[in-house]
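*Asks:* Just the structure for this:
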Amino acid sequence: MYTMRASLALLIPAVLFGQQRPLDLDDIGGLLAAGVDAPALTATAKKRGVSVPGTPAVRKWLRAAGAMDPHLAALFPDEAPPEQTMLAPARLGFAVPEGWKANRTDRTWALEPPDGAPSGFELILRVTRWTPDPRVTVLQDLLQLRITPYLEDHGYRITSQGPVPAPGITGVEARLLRSRVGERPVFVRLALFQHREWTVSVRLAVAGAHTDPFVTRAHTAGQAVITSISPDGPRPEGDKRTRYAVTAVTPDGNRLLLVDRAGSVLRDIDPEPRTVCGDPLGSVHLVRPVGPTLMVSRSGRVPDATDIGIDHAPLADPEEHFVPHADMGKTGGAMVRLLGLGRETRPVERTFRLVHHLEAIADPGSDWLLCAMDANHLPLPQTSQKAQASGVLAYVGKDGQGFRPLLRCMSPGLDHVVLRHPRFSPSGREVLCIHHRQGLCILPRDGGLPVVLHPGRVLGAEPWIAPR
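*Replies:* This next block holds a predicted model:
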């Protein structure tokens, strides 16, 4: 029975479209419902291919549909992780270019080419412990502090700067050039990554014309090192195909933009003011607002929803996707205190007002909730303190136990939302949020300075997986 049902289900699309397209979630769900075993699924996956990456959310959905470990192994066979040199104690690693050598001294790694390097060349990675600085709220601020001496004291100019995506982590980089009469040009590339309390800096410096063969080799090696930085463990799936649908406020009104992992705007998707609704599986839909609160589930498709040219995938169950924009009032404030925010802020409890905004989303890779909470801090009587709004991005246990803060922000004034719209990247290695002044930010799931992906006023953003 399985063979006939499954074969017919997979043959019809091949006949209609003239070829067998890769398996999507609907196809896999149909095979699981038909009782296909792991060997048959392995054969089908090898023949057809699989269009969805094995992200934590996809694996969780497939398990709920009946998949067992052998099924998941058939769909997403384990690949040998790339050989990495670990940057202890930052729990990040990098790949040494073929033929090159990495010489370590304490927390510094100096790379050398196989045939030696001319004077003026340097490719160094360094790990330092991050010390909070009031001047630094995002990783771009730290980069600016690092490059200022180059600009002011050494005559360099910036040729480009911005976010730099690597496997499972996003950093920032700046490319500098010094060109003086009678001197060889000097190129400097500086990249920063942060994981928890550790900062990894990568510095490439090379002198010579851009047509010089060694200069070309140096740039190639620097690019390979920077884009190989990744957290310890297997490489996350779905990173290369991850995009962000961003609703941004522009001089021309609200626009829905397609942004890549480097923060570049790929195209303008939709000029109409719609709500962007996504789910952890990698689907994004444009939805006309139907009220102040919007909930989407697999059981009921939202009226007027329009796909934006991505792989079709079922929307998550309500318990897996918590809705944006929930003003909780006194009830929400009491609940958040119960979840641990009150205990965490005991030193300022007398100045702490009930939380006035709360958003939460389930972590597909654990039993925690990722919460964005905002509250007001009121000045103590007879002090010179000023009223401030505070935002906290934190993990909270679904059972109400445990509290793990990732990010804290303060802002002058009251009753505005500092941090909101928490989301996980499809790989599960990073989290996103919207900062009311900085824009769309991304940071490692274990914490670190956020990177601004899209600056300015952002109303919403949903990560999704581009189709193959």
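
*Asks:* Show me this structure divided up by domain.
*Replies:* For the chain, automatic domain parsing gives the domain ranges 2-75, 85-231, 242-465.

*Asks:* can you redo these as a markdown table with mean neighbour count?
*Replies:* In this view, the C-beta of every residue, glycine as well, is placed from N, C-alpha and C. Below are those laid out as a markdown table (neighbours: other Cβ atoms under 10 Å):
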| stretch | mean neighbour count |
| --- | --- |
| domain 2-75 | 16 |
| domain 85-231 | 17 |
| domain 242-465 | 18 |
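
*Asks:* Dump those to CSV, plus mean pLDDT.
*Replies:* Below are the domains of the chain laid out as CSV (pLDDT from 0 to 100):
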stretch, mean pLDDT
domain 2-75, 77
domain 85-231, 94
domain 242-465, 68
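
*Asks:* what's the first-to-last distance across stretch 188-203?
*Replies:* 7 Å (Cα to Cα, to the nearest Å).

*Asks:* and it, how far out from the chain's middle?
*Replies:* Using Cα atoms, centre = their mean, to the nearest Å, the mean C-alpha position of stretch 188-203 is found 17 Å from that of the whole chain.

*Asks:* ok, now stretch 193-206?
*Replies:* Its chain's C-alpha centre and that of stretch 193-206 lie 18 Å apart, by Cα atoms, centre = their mean.

*Asks:* Which residue, neighbours along the chain excluded, lies closest to Ile229?
*Replies:* Counting by Cβ to Cβ, 6 or more residues apart in numbering, Ala166 is the residue found nearest to Ile229 once chain neighbours are left out, at 4.3 Å.

*Asks:* Next up, the contacts around the one you found.
*Replies:* Phe193, Ile226, Thr227, Ser228, Ile229, Ser230 (Cβ atoms under 8 Å, 6 or more residues apart in numbering).

*Asks:* Check whether the third one really touches Thr170, as I assumed.
*Replies:* No: in this structure Thr227 lies outside contact range of Thr170 using Cβ atoms under 8 Å: 11.4 Å.

*Asks:* any common contacting residues for the two?
*Replies:* Val164.

*Asks:* Need phi/psi at the residue in the chain sticking out farthest from the centre.
*Replies:* The centre of the chain is farthest from one residue, Gly182, which by Cα atoms, centre = their mean lies 44.6 Å away. Main-chain torsions, Gly182, degrees, to the nearest 10: phi 90, psi 0.

*Asks:* again with Ala221
*Replies:* phi -70, psi -40.

*Asks:* Over to the one 4 residues further on?
*Replies:* In this entry, Val225 is assigned phi and psi values of phi -70, psi -50 (degrees, to the nearest 10).

*Asks:* same thing with Ile28?
*Replies:* According to degrees, to the nearest 10, Ile28 has phi -60, psi -40.

*Asks:* Distance of it relative to Arg63?
*Replies:* 12 Å (Cβ to Cβ, to the nearest Å).

*Asks:* again with Leu258
*Replies:* Distance, Leu258 to Arg63, by Cβ to Cβ: 31 Å.

*Asks:* Name the SS class of the residue nearest to Ala224 when sequence neighbours are not counted, please.
*Replies:* Excluding the flanking residues, the one nearest Ala224 by Cβ to Cβ, 6+ apart is Pro97, at 5.1 Å. What DSSP: H, G, I helix; E, B strand; the rest coil gives for Pro97 is coil.

*Asks:* Looks like Pro97 contacts Gln223 (just checking).
*Replies:* No: using Cβ under 8 Å, Pro97 makes no contact with Gln223, being 9.6 Å away.

*Asks:* Please, which helix or strand holds the nearest residue to Arg437 once chain neighbours are set aside?
*Replies:* Take Arg437 and drop its neighbours on the chain: the residue closest to it by Cβ to Cβ, 6+ apart is Ser411, 7.0 Å away. According to DSSP states H and E, Ser411 maps onto strand 403-412.

*Asks:* What strands flank that strand, and is each parallel or antiparallel?
*Replies:* strand 388-397 (antiparallel) (DSSP bridges).

*Asks:* From Ala64, how far out is Arg437?
*Replies:* Distance from Arg437 to Ala64, counting by Cβ to Cβ: 39 Å.

*Asks:* Kindly report the same for Gly30.
*Replies:* Taking Cβ to Cβ, one finds Gly30 at 15 Å from Ala64.

*Asks:* Then Gly439?
*Replies:* For Gly439, the distance to Ala64 - Cβ to Cβ - is 35 Å.

*Asks:* ditto for Arg126
*Replies:* 44 Å.

*Asks:* what sits against Phe94?
*Replies:* Shown in contact with Phe94 (Cβ under 8 Å, 6+ apart): Gln84, Thr85, Leu87, Leu125, Val225, Ser228, Ile229, Ser230.

*Asks:* from these, which two are the most distant?
*Replies:* Leu125 and Ser230 (13.2 Å; Cβ to Cβ).

*Asks:* and the end-to-end length of stretch 194-201?
*Replies:* The first and final residues of stretch 194-201 sit 9 Å from each other (Cα to Cα).

*Asks:* swap that for stretch 21-35, sorry
*Replies:* 21 Å.

*Asks:* can you give me the helices in the stretch 101-250 of the chain?
*Replies:* Listed in chain order, the helices of the stretch 101-250 of the chain (DSSP state H, counting those that start in this stretch) span residues 139-153, 213-226.

*Asks:* among these, which is nearest Thr250?
*Replies:* Each of the helices of the stretch 101-250 of the chain was scored for nearness to Thr250 using Cβ to Cβ, and the closest is helix 139-153 (20.5 Å).

*Asks:* which residues are contacting that closest one?
*Replies:* For helix 139-153, contacts defined as Cβ under 8 Å, 6+ apart pick out 133, 135-136, 156-158, 161, 171-174, 176, 188, 190, 192, 194, 199, 201, 448-452.

*Asks:* what does stretch 118-128 give?
*Replies:* Stretch 118-128 has contacts (Cβ under 8 Å, 6+ apart) with 87-90, 94, 107-111, 184, 186, 198-208, 214, 218, 221-222, 225.

*Asks:* please redo it, this time with the cut-off set to 6 Å
*Replies:* When contacts are defined by Cβ atoms under 6 Å, 6 or more residues apart in numbering, stretch 118-128 is touched by residues 87, 90, 107-111, 198-207, 222.

*Asks:* export it as CSV, just CAs?
*Replies:* What follows is stretch 118-128 as a C-alpha-only set of coordinates in CSV (Å, rounded to 0.1, in the frame of the first residue of the first chain):
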residue,chain,number,x,y,z
PRO,A,118,57.3,40.1,2.4
SER,A,119,57.6,43.0,4.9
GLY,A,120,54.4,44.8,5.7
PHE,A,121,52.3,41.6,5.8
GLU,A,122,50.3,40.5,8.8
LEU,A,123,47.4,38.2,9.3
ILE,A,124,46.6,37.8,13.0
LEU,A,125,43.7,36.6,15.1
ARG,A,126,43.4,37.7,18.7
VAL,A,127,41.0,36.8,21.5
THR,A,128,40.4,39.3,24.3
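
*Asks:* now it: how far from the chain's centre is it?
*Replies:* Worked out by Cα atoms, centre = their mean, stretch 118-128 lies 28 Å from the chain centre.

*Asks:* Before I go, just wanted to say thanks for your time.
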